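Got a predicted structure plus its sequence, pasted below:
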Amino acid sequence: MVIYGFLEYRGVFQSKLDTIKVLKIGGSWLSLYHLPFLLSFFLLIAFLTRPVRLKNAVLDFIFALGYAWCLAAVEDASWFIARMLDGGSWISPNEWTCNFFGCITRPIVIPNWYFMALALTSTSLVLNAVVKRFSNGSLL
(Lines give C-alpha, C1' and ligand atoms only; values in the text may rest on other atoms or scores of the structure.)
Protein backbone atom coordinates (compact mmCIF):
# COMPACT_ATOMS: atom_id res chain seq x y z
CA MET A 1 0.00 0.00 0.00
CA VAL A 2 2.91 2.33 0.67
CA ILE A 3 4.27 1.76 -2.84
CA TYR A 4 0.79 2.22 -4.28
CA GLY A 5 0.47 5.56 -2.44
CA PHE A 6 3.80 6.76 -3.81
CA LEU A 7 2.89 5.68 -7.36
CA GLU A 8 -0.51 7.33 -7.06
CA TYR A 9 1.16 10.57 -5.96
CA ARG A 10 3.29 10.45 -9.10
CA GLY A 11 0.13 10.19 -11.19
CA VAL A 12 0.69 6.61 -12.36
CA PHE A 13 -2.87 5.47 -11.58
CA GLN A 14 -4.84 8.63 -12.31
CA SER A 15 -7.04 8.60 -15.36
CA LYS A 16 -10.18 10.15 -16.73
CA LEU A 17 -12.05 8.06 -14.12
CA ASP A 18 -10.72 10.47 -11.48
CA THR A 19 -12.69 13.34 -13.01
CA ILE A 20 -16.11 11.61 -12.89
CA LYS A 21 -17.58 12.40 -9.47
CA VAL A 22 -19.94 9.76 -8.09
CA LEU A 23 -20.57 9.98 -4.35
CA LYS A 24 -20.29 12.92 -1.97
CA ILE A 25 -19.28 12.13 1.62
CA GLY A 26 -18.93 15.11 3.89
CA GLY A 27 -17.40 17.87 1.80
CA SER A 28 -15.51 15.60 -0.60
CA TRP A 29 -16.45 13.70 -3.71
CA LEU A 30 -15.41 10.14 -4.50
CA SER A 31 -14.83 9.52 -8.19
CA LEU A 32 -15.06 6.48 -10.43
CA TYR A 33 -11.35 6.09 -9.70
CA HIS A 34 -12.16 5.59 -6.01
CA LEU A 35 -15.40 3.68 -6.63
CA PRO A 36 -15.21 0.90 -7.77
CA PHE A 37 -11.50 0.68 -8.72
CA LEU A 38 -9.80 1.48 -5.40
CA LEU A 39 -12.60 0.03 -3.29
CA SER A 40 -12.48 -3.34 -5.05
CA PHE A 41 -8.66 -3.30 -5.06
CA PHE A 42 -8.45 -2.69 -1.29
CA LEU A 43 -11.14 -5.30 -0.53
CA LEU A 44 -9.39 -7.90 -2.69
CA ILE A 45 -6.02 -7.25 -1.06
CA ALA A 46 -7.65 -7.31 2.40
CA PHE A 47 -9.39 -10.65 1.82
CA LEU A 48 -6.26 -12.25 0.37
CA THR A 49 -3.78 -10.95 2.96
CA ARG A 50 -5.80 -10.50 6.17
CA PRO A 51 -3.65 -11.72 9.05
CA VAL A 52 -6.59 -13.18 10.98
CA ARG A 53 -9.25 -15.60 9.72
CA LEU A 54 -12.29 -15.52 11.97
CA LYS A 55 -14.53 -18.58 12.26
CA ASN A 56 -17.68 -16.48 12.17
CA ALA A 57 -18.36 -15.48 8.54
CA VAL A 58 -20.07 -12.19 9.44
CA LEU A 59 -17.26 -11.13 11.77
CA ASP A 60 -14.67 -12.28 9.24
CA PHE A 61 -16.27 -10.00 6.64
CA ILE A 62 -16.38 -7.08 9.10
CA PHE A 63 -12.72 -7.67 9.96
CA ALA A 64 -11.74 -7.79 6.28
CA LEU A 65 -13.72 -4.59 5.63
CA GLY A 66 -11.96 -2.84 8.53
CA TYR A 67 -8.62 -4.21 7.35
CA ALA A 68 -9.32 -2.86 3.83
CA TRP A 69 -10.12 0.50 5.41
CA CYS A 70 -6.79 0.35 7.28
CA LEU A 71 -4.99 -0.43 4.03
CA ALA A 72 -6.70 2.58 2.45
CA ALA A 73 -5.48 4.74 5.35
CA VAL A 74 -1.90 3.51 4.82
CA GLU A 75 -2.18 4.26 1.10
CA ASP A 76 -3.63 7.71 1.81
CA ALA A 77 -0.92 8.59 4.33
CA SER A 78 1.71 7.31 1.88
CA TRP A 79 0.45 9.76 -0.73
CA PHE A 80 1.02 12.65 1.70
CA ILE A 81 4.41 11.30 2.76
CA ALA A 82 5.42 11.20 -0.92
CA ARG A 83 4.29 14.83 -1.21
CA MET A 84 6.43 15.75 1.82
CA LEU A 85 9.45 14.00 0.31
CA ASP A 86 8.85 16.03 -2.83
CA GLY A 87 9.09 19.28 -0.86
CA GLY A 88 5.38 19.61 -0.05
CA SER A 89 3.58 19.51 3.26
CA TRP A 90 1.81 16.93 5.41
CA ILE A 91 -2.00 16.84 5.48
CA SER A 92 -3.69 20.15 6.25
CA PRO A 93 -7.21 20.40 7.72
CA ASN A 94 -8.63 21.64 4.39
CA GLU A 95 -7.43 18.62 2.38
CA TRP A 96 -10.06 16.38 0.76
CA THR A 97 -9.10 13.48 3.05
CA CYS A 98 -10.14 15.54 6.12
CA ASN A 99 -13.49 16.50 4.60
CA PHE A 100 -15.05 13.03 4.96
CA PHE A 101 -15.21 12.75 8.74
CA GLY A 102 -13.05 15.63 9.92
CA CYS A 103 -9.61 15.40 11.50
CA ILE A 104 -7.69 16.01 14.65
CA THR A 105 -5.24 18.88 14.38
CA ARG A 106 -3.03 18.49 17.44
CA PRO A 107 -0.19 17.57 17.56
CA ILE A 108 -0.40 16.81 13.81
CA VAL A 109 -3.31 16.57 11.39
CA ILE A 110 -4.73 13.04 11.22
CA PRO A 111 -8.01 12.31 9.42
CA ASN A 112 -10.64 10.78 11.72
CA TRP A 113 -11.37 8.01 9.25
CA TYR A 114 -7.93 6.55 10.00
CA PHE A 115 -9.09 5.97 13.59
CA MET A 116 -12.48 4.68 12.42
CA ALA A 117 -10.72 2.00 10.37
CA LEU A 118 -8.76 0.83 13.40
CA ALA A 119 -11.93 0.87 15.52
CA LEU A 120 -13.86 -1.28 13.02
CA THR A 121 -11.05 -3.82 12.78
CA SER A 122 -10.57 -3.93 16.57
CA THR A 123 -14.30 -4.22 17.23
CA SER A 124 -14.57 -7.26 14.98
CA LEU A 125 -11.75 -8.96 16.88
CA VAL A 126 -13.38 -8.23 20.24
CA LEU A 127 -16.76 -9.46 18.99
CA ASN A 128 -15.07 -12.59 17.67
CA ALA A 129 -13.65 -13.28 21.13
CA VAL A 130 -17.11 -12.79 22.67
CA VAL A 131 -18.76 -15.10 20.12
CA LYS A 132 -16.11 -17.77 20.75
CA ARG A 133 -16.53 -17.47 24.48
CA PHE A 134 -20.31 -17.72 24.59
CA SER A 135 -21.17 -19.90 21.60
CA ASN A 136 -18.19 -22.23 21.21
CA GLY A 137 -17.25 -20.53 17.93
CA SER A 138 -20.44 -21.42 16.05
CA LEU A 139 -21.77 -19.17 13.32
CA LEU A 140 -24.24 -16.44 14.29
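Structure received.

drop to CA atoms for contacts and neighbour counts, all remaining ones
OK.

so where do the strands sit in this structure?
Under the criterion DSSP state E, the chain carries strands at the ranges 21-25, 28-31, 103-104, 110-111.

now the second one: mean pLDDT?
Just to be clear, that refers to strand 28-31. Computed over strand 28-31, the mean pLDDT rounds to 66.

same question, the longest one
Regarding strand 21-25, the rounded mean pLDDT is 66.

Let me see the mean pLDDT of the longest helix seen in the chain.
For the chain, the helix with the greatest residue count under DSSP state H is helix 57-85. Helix 57-85 shows a mean pLDDT of 87.

name the helices or strands packed onto it?
Contact partners of helix 57-85 among helices and strands, from 3 or more C-alpha pairs under 8 Å, 6 or more residues apart in numbering; DSSP states H and E: helix 2-9, helix 39-49, helix 112-135.

Worst mean pLDDT among the ones you listed?
Among the helices and strands packed on helix 57-85, helix 2-9 carries the lowest mean pLDDT (a mean of 74).

Please identify the buried residues of that one?
Buried residues in helix 2-9, counted by 16 or more other C-alpha atoms under 10 Å: 2, 4, 5, 6, 7, 8, 9.

just stretch 118-138 next, same as before
118, 120, 121, 122, 123, 124, 125, 128, 131, 132.

With stretch 52-69 instead?
Per 16+ other C-alpha under 10 Å, stretch 52-69 contains these buried residues: 54, 56, 59-69.
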